[in-house]
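1. Take a look and give me a structure for this.
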Amino acid sequence: MEICHRPIAAIILIFTLFANIILPSEARGQGLGNDLHVGFYSKTCPQVEDIVSDVVKRFQAQDPKLPPALLRLFFHDCFVKGCDASILLDATPSGQPVEKLSEANGKTLRGLEVIDEIKAELEKSCPRTVSCADIIAYAAREAVALAGLPRHDVPAGRRDSTTSRATDADVSLPTPTMPLQQIIGIFNQRNFSLEDIVVMSGAHSIGESQCNQVNRRIYTFAPNVPRDPALDPAYADELAQKCPAQVPPDQELNFKVNLDPVTPEVLDNQYYLNLQQKKGLFQSDQALATHPGTQEIVNQMAASNEAWTKRFIKNMIKMGRSQVLTRDEGEIRLNCREFNKEPDRIDNA
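-> Numbers count the residues shown, from 1 in each chain. The predicted structure is shown next:
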């Protein structure tokens with residue numbers, strides 16, 4: 001979410017500030033399908049959430065920037081072809097390049113070692129029980145809590161995919177320079193509304209971006225217009241001090257800027273205040289503040305951190321239900337980086 005995050009969109013909805021609240025039934029899966037529910041492992045692995053929490057906290061103590069990395073891992077897994085842990089695979093039976101090797105992920109994907117450690121501990125406590133897809137969802141919840149939001153219930157029961165293709169990630173994930181209307185189309189295909197787009201984009205209040213994702217806005221925006229006029233001049237100067245016009249080859253990871261210059265390690269509605277002040281780092285983010293279908297939603301979120309928090313958690317739960325594998329679909333991997341090989345295949349969990 002290092003987070004190279006991407007804004008999102010779909011259909012124009014009438015937005016009422018207090019219309020959407022997080023009901024317990026939404027987390028618990030009543031009437032929402034997908035066979036996911038809170039407490040899925042209450043009998044088979046009751047300690048699963050404590051183990052995930054302990055491991056994430058241990059790693060975060062050494063790496064304070066871990067929460068946005070775990071959020072991005074969750075988003076990039078769920079958004080490509082559903083929350084199925086396909087992003088974790090090192091290889092698949094097809095032999096095709098996997099999602100983690102895609103241009104959209106590549107060198108910027110972080111948090112994999114955290115998932116590995118959680119899985120290793122769970123295999124000791126509850127062998128062949130907890131899916132890697134559920135581990136990602138639980139870890140993302142811990143990331144949200146460590147970044148300052150309330151700890152929410154996570155419906156579980158996902159199963160793991162045996163397929164993963166880099167091409168799927170490259171065509172599915174929005175980019176910071178993509179026109180907002182194109183992003184709207186991508187998210188419309190996944191049943192996300194304009195409100196969902198604006199709310200989930202608030203994840204950009206934590207994390208970092210490589211300078212090469214924003215340099216065009218600072219130096220080469222258009223002929224005879226080097227800087228994006230939608231970018232606050234003082235903020236552009238600040239970015240230029242941190243991002244050279246030419247990043248040295250193979251040093252992209254050494255030149256980064258915070259997504260939120262005000263509260264870079266706290267999940268809050270500062271992101272929307274930044275947009276109102278023309279301080280959105282990505283061009284696609286800043287477009288949310290002026291698009292006729294999203295401008296008022298941005299203003300609503302800027303006006304109330306509490307309102308945004310409720311909607312963000314609700315959207316975390318919604319994202320976690322995207323195209324999941326359940327029951328006898330997929331498998332429960334023994335190693336999150338590898339699909340199960342006979343005779344280790346687990347057909348039912």
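2. Which parts of the stretch 151-300 of the chain are strands?
-> 208-210, 256-258 (DSSP state E, counting those that start in this stretch).
3. Out of those, which one sits most buried?
-> Highest mean neighbour count among these (mean count of other Cβ atoms under 10 Å): strand 208-210, with a mean of 21. For every residue, glycine as well, the C-beta is placed using N, CA and C.
4. Can you give the strand pairings for that one, parallel or anti for each?
-> strand 256-258 (antiparallel) (DSSP bridges).
5. Could you give the secondary structure assignment for the residue nearest the centre of the chain?
-> Most central in the chain under Cα atoms, centre = their mean is residue 75, positioned 2.9 Å from the mean C-alpha point. Assigned by DSSP: H, G, I helix; E, B strand; the rest coil, the conformation of residue 75 is helix.
6. ok, now the one 4 residues further on?
-> Per three-state DSSP, the secondary structure class of residue 79 is helix.
7. Thought residue 168 was touching it, still the case?
-> No - counting by Cβ atoms under 8 Å, residue 79 stays clear of residue 168, with 10.1 Å between them.
8. Comparing those two, which residue is more hemmed in?
-> residue 79 (25 against 18; other Cβ atoms under 10 Å).
9. Could you export the strands of the stretch 151-300 of the chain to CSV, including columns for mean pLDDT?
-> Compiled in CSV, the strands of the stretch 151-300 of the chain are given as follows (pLDDT from 0 to 100):
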stretch, mean pLDDT
strand 208-210, 95
strand 256-258, 97
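10. Let me have those strands in JSON lines, extended by distance to residue 70.
-> Formatted as JSON lines, the strands of the stretch 151-300 of the chain follow (distance: least, Cβ to Cβ, whole Å):
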{"stretch": "strand 208-210", "distance to residue 70": "14"}
{"stretch": "strand 256-258", "distance to residue 70": "17"}
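11. Go through the ones you listed and name the closest to residue 154.
-> strand 208-210 (25.7 Å; Cβ to Cβ).
12. gap between stretch 243-259 and the chain center?
-> 22 Å (Cα atoms, centre = their mean, to the nearest Å).
13. Could you give the number of residues near the closest residue to residue 88 other than its chain neighbours?
-> Leaving aside its sequence neighbours, residue 88 sits nearest to residue 336 (Cβ to Cβ, 6 or more residues apart in numbering; 4.5 Å). As a burial measure, residue 336 scores 22 neighbours (other Cβ under 10 Å).
14. looking at this structure, which residue ends up farthest from its center?
-> The chain, Cα atoms, centre = their mean, max distance from centroid: residue 224 (35.9 Å).
15. quick one: which of the strands of the stretch 151-300 of the chain is nearest residue 282?
-> strand 208-210 (7.3 Å).
16. Return the distance of that closest one from the chain's centre.
-> 14 Å.
17. And for stretch 295-302?
-> 21 Å.
18. in it, what counts as buried?
-> For stretch 295-302, the buried set under the neighbour-count rule, 16 or more other Cβ atoms under 10 Å, comprises 295, 297, 298, 300, 301, 302.
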